[in-house]
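J.: Sequence plus predicted model, see below.
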Amino acid sequence: MDIKFNQNEDANKLMLSELRKRMAKVALGGGKAKIEKQHAKGKMTARERIDYLLDSKAERIEIGAFVGDDMYAEHGGCPAGGVVIKMGYVSGKQCLVVANDATVKAGAWFPITAKKNLRAQEIAMENRLPIIYLVDSAGVYLPMQDEIFPDKEHFGRIFRNNAMMSSMGITQISAVMGSCVAGGAYLPIMSDEALIVDKTGSIFLAGSYLVKAAIGESIDNETLGGATTHCEISGVTDYKAEDDAAALDTIKNIMDKIGDYTKAGYNRATPEKPKQNPDDIYGILPGARTAQYDMMEIINRLVDNSEFEAYKDGYGQSILTGYARIDGWAVGIVANQRKVVKTKKGEMQFGGVIYSDSADKATRFIANCNQKKIPLVFLQDVTGFMVGSKSEHGGIIKDGAKMVNAVSNSVVPKFTVIIGNSYGAGNYAMCGKAYDPRLIVAWPSAELAVMSGNSAAKVLLQIETASLKKRGETITEEKEKELFDKIKQRYDNQVSPYYAAARLWTDGVIDPLDTRKWIAMGIEAADHAPIEKPFNMGVLQV
């Protein structure tokens, strides 16, 4: 191993250490004092409930762990968006679990909370995956009600999705384990089956204080909407549980009886580990986002037996395409190449740029995978499409449009891993969030933006200095450098993978060694949903 490998390894492991520190902070939710308060009420925390419910020896992944990261500081923050979402297995059945975190503002819904819940429902609907709600929420966070209440992708969309999923035959189970008030009361009752925990769970459209103010009736919350009321008088809920554990045990028993699902039929062989050591990824991936490396070396450490059947290997070499297996699942891989390649036309330095021939190759490969019913995996480290007169005259816009068309119209499940850069139109062509990947994750080394911080700062600096000069101000070298550094720092914060994850542009920031698990669980989830329409790219300039 050379010095460069060791330097890369140090840089990537520092980023991994930062990831773990951030995750440990997120796991505390509203903090230790709030956790102790939850326990004092005889209640588990959201994470404890999920851990108890999910099969202990089975794999699991957390969706949106960093949602809300460094957001809403003026409101005290909103760790994980105030809700914990995990994909795992209950009684051997793959499913999603959505649990309100009552240690964060009593489980109140911020705007980002609604977005995260809608993402969970989107995953469930795309994959026909059972979803379990563990409800413990004070309802909409009133100081921000105008950003969560009336719009299409706001709070009400959740109940619309409840109804849609019911009509699609997707199992929904809810357990009311704390507060469940106002409009939020519809979520558990629109589920297939609803449980409520005695003495700690309550459901009502208006609590006792509001009832008193509205109609003058004096009544306590337990009588108004507690477990006995809803299990024995109103019939709103189906099961009364003594405590959290009993409610979760009931859910396990219900899940145990669910029949098998109709499979999409994606090809799976016996899973094999990569022959080349996955740990080497830390030493292969450069610490600098502008540095060269061979993406094939990364692929060899992600796929079963390190076997990759390259498609059009000698053509369009700025994108790698080919067939492989990940944890036994057959996949088609589309990956940006970063190294310098020698061709008959001479030496070409790719650096993650997409050329016309590469876009053409990727389009054909994506079509082939759709024809063969093979899920697609996109490995992003892309700076964008090639520019300049030669590329424009060669039809780069047309070839790029064909690739975007193929990605947009794919009917097989798509999964995106942002390894390094994810800039501009390259993000789109390589299946960014706007193109409906079933799951999209970033490594700690990722950057998402229209362009790099350095390039953007130069452009914005030119605009800023021109504006200052128009006002008659003199720009010294020192002043110019100060402006550049200020602009670049602001922009660099926005290209961070954590900035993207906080806003749910990705489903999470993950350790590179967890990539195989995310893709494998994602394809298994997708296998619940047979393809319902043929692949058709529509009208396309050839």
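T.: Everything's here; your move.
J.: ok, N221 to V412 distance?
T.: Using CB to CB, to the nearest Å, N221 is found at 50 Å from V412. Every residue, glycine included, has its C-beta placed from N, CA and C.
J.: what about these two, which has more around it?
T.: V412 (22 against 16; other CB atoms under 10 Å).
J.: Show the contacting residues for the more buried one.
T.: C369, N370, K373, I374, P375, L376, I531, F535 (CB atoms under 8 Å, 6 or more residues apart in numbering).
J.: could you redo the last one with a cut-off of 10 Å?
T.: Residues near V412 by CB atoms under 10 Å, 6 or more residues apart in numbering: 264, 266, 331-332, 366, 369-376, 438, 523, 526, 531, 535.
J.: Buried by neighbour count, from those residues: which ones?
T.: 264, 266, 331-332, 366, 369-370, 373-376, 438, 523, 526, 535 (16 or more other CB atoms under 10 Å).
J.: Averaged pLDDT, the lengthiest helix in the chain. What do you get?
T.: Scanning the chain for the helix with the most residues, using DSSP state H, yields helix 3-27. Helix 3-27 carries an average pLDDT of 96.
J.: got the contact list for it?
T.: In contact with helix 3-27 (CB under 10 Å, 6+ apart) are residues 1-2, 31, 45, 47, 62, 65-69, 79-81, 84, 279-288, 291, 293, 443-446, 497-498, 501, 508-513.
J.: at 8 Å instead, please
T.: By CB under 8 Å, 6+ apart, helix 3-27 touches 47, 65-66, 69, 79-80, 281-287, 444-445, 498, 509-512.
J.: How far off centre is that helix?
T.: 20 Å (CA atoms, centre = their mean, to the nearest Å).
J.: Beyond that helix, next helix or strand please.
T.: helix 32-40 (DSSP states H and E).
J.: For the next helix or strand along the chain from that following helix, which outside residues touch it?
T.: The C-terminal neighbour of helix 32-40 among helices and strands, as given by DSSP H and E, is helix 46-53. The contact list for helix 46-53 (CB under 8 Å, 6+ apart) reads 27, 29, 44, 83-84, 86, 88, 90, 97, 99-103, 132, 134, 136, 177, 244-245, 248, 251-252.
J.: Which of the buried ones among the contacts of V412 fall within helices?
T.: Reading helices off the buried ones among the contacts of V412 with DSSP H, I get I366, C369, N370, I523, A526.
J.: which one among those residues gets closest to F149?
T.: F149 lies nearest to A526 out of these, by CB to CB, at 32.9 Å.
J.: I'd assumed R438 was in contact with the closest one.
T.: Yes: counting by CB atoms under 8 Å, A526 does reach R438; the two are 5.6 Å apart.
J.: joint contacts of the two?
T.: Common neighbours of A526 and R438 (CB under 8 Å, 6+ apart) are E126, N127, P413.
J.: Can you tell me how far the second one is from E307?
T.: So that's N127. From N127 over to E307 (counting by CB to CB), the distance is 27 Å.
J.: Of the two, give the one with the bigger neighbour count.
T.: In this view N127 and E307 are compared by other CB under 10 Å, and N127 has more residues nearby, 25 against 15.
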